[in-house]
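1. take a look and give me a structure for this.
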Amino acid sequence: MDSVRGQGGIQMLLTAEQEAQHIVNSARNSKMARLRQAKEEAEREVQQYRINMEAEYQNKLSETSGSSGSNVKRLEEETETKIKSLKESASKVQSDIVGMVMKYITNVKI
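-> Prediction:
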């Protein structure tokens, strides 16, 4: 009878071990599924962040490109104004300079 009881005890241990193995496998599979899901969510977040950063970069790029055209126009206008101012100044003192140059050319030093 002891051998039957021992056989039954061994059978119970084997059954318990198989159940424990199933529980461990189930837990492992659940953990792997959660990890997979977390990885997919992280990849989606990274992709969304990348899209947002690219959009922000493109906006800043278009803003600076658009304003550079207006900056070029403004600089051209300022340059034209300065050129006009210099020409006016030069025309005011032109006769004095020509007279001074003629005076030095016509004076002969011995």
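2. which residues of this structure score low on pLDDT?
-> Residues of the chain meeting the criterion pLDDT under 70: 1-6, 66-69, 110.
3. so where do the strands sit in it?
-> Counting by DSSP state E, the chain forms no strands at all.
4. can you show me the helices along it?
-> With DSSP state H as the criterion, the chain has helices at 2-106.
5. what's the local residue count around Met32?
-> By other Cβ atoms under 10 Å, the residues close to Met32 number 10. Every C-beta, even on glycine, is put in place using the N, C-alpha and C of the backbone.
6. distance-wise, check it relative to Glu43.
-> Using Cβ to Cβ, to the nearest Å, Met32 is found at 16 Å from Glu43.
7. cool, and Glu80?
-> 56 Å.
8. repeat for Asn59
-> According to Cβ to Cβ, Asn59 and Glu43 sit 25 Å apart.
9. equivalent analysis for Thr79, please.
-> According to Cβ to Cβ, Thr79 stands 53 Å off from Glu43.
10. next: Gln7.
-> Distance of Gln7 to Glu43, given as Cβ to Cβ: 53 Å.
11. ok, Glu17 next?
-> Applying Cβ to Cβ, one obtains 39 Å for the distance of Glu17 from Glu43.
12. lovely, talk soon.
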